[in-house]
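Visitor: Provided below for reference: sequence and predicted model.
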Amino acid sequence: MFMRLTISRRPRIIWPLLIFGFFICGPLTVSSFAADSRIGFVDIQKAVSGTKEWKSSFNKFKSDFTKEKKRIKAREKKIQKMLGELNKQSFVLDPELKKKKEDRLRKEKIAFERYVQDQNAEFGKKEKEMTQIILRKMMEVIKKIGKEKSYTMILEQKVVLYHDKGNDLTKIATRTYDRINK
């Protein structure tokens, strides 16, 4: 009626043997891998931001952002002016006219806040797209460097606690990128 689960003796014997085998053979394979391996390191953020393409794209982005900040400041001053006028005239205005001005000010303020949020999102999106395009190209450059210079692997510097500075490929990656993407 009830099924009884039984555990065979073989897995109990095989697992310890496999683990013992890994402990014995593991160091031998690791040491042979280490002798033949060549590992490089790249600070991706520094490599990307050091390229000529990034610098020119970022300068244009910064210029557009500064222009937009000026437009936002102008709209903000306009709203502040409307608020100041409403506060000065609030005691002498007809209640109906005062309500209309308050509604207009509220709508203008809401529209302004939405506009600022939209512009922040738009500029964030532009910066992300700009970075992604250059990052994709940089990854290809790093792969090319790895193949040409016979690296076993190239790692991001941020995931490593210590590495020999002689294996830092950041400047090489930036120069190679600039040479390829003129």
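Guide: Nice, I can see it.
Visitor: for stretch 46-58, which positions count as buried?
Guide: Neighbour-count burial for stretch 46-58, counted by 16 or more other C-beta atoms under 10 Å, picks out A47, V48, G50, T51, E53, W54, S57, F58. C-beta here means a position set from N, CA and C on the backbone, and glycine is covered the same way.
Visitor: actually stretch 75-85, not the one I typed
Guide: By neighbour count on 16+ other C-beta under 10 Å, the buried set for stretch 75-85 is M82.
Visitor: same check, this time on stretch 146-153
Guide: Within stretch 146-153, the residues scored as buried using 16+ other C-beta under 10 Å are G146, Y151.
Visitor: what mean pLDDT does that stretch get?
Guide: Stretch 146-153 comes out with an average pLDDT of 93.
Visitor: what's the end-to-end length of it?
Guide: 7 Å (C-alpha to C-alpha, to the nearest Å).
Visitor: please, where are all the helices along this protein?
Guide: Ranges of helices within the chain are 9-36, 44-49, 52-89, 95-148, 170-180, based on DSSP state H.
Visitor: pull the distance from the longest one to the chain's centre.
Guide: When you say that, I think you mean helix 95-148. 15 Å (C-alpha atoms, centre = their mean, to the nearest Å).
Visitor: distance of the residue sitting nearest the centre point of the chain relative to E140?
Guide: Among the residues of the chain, K128 comes closest to the average C-alpha position under C-alpha atoms, centre = their mean, at 7.1 Å. Distance of K128 to E140, computed by C-beta to C-beta, to the nearest Å: 19 Å.
Visitor: now do F91
Guide: As judged by C-beta to C-beta, F91 and E140 stand 69 Å apart.
Visitor: next one: E53
Guide: Per C-beta to C-beta, E53 is found 13 Å from E140.
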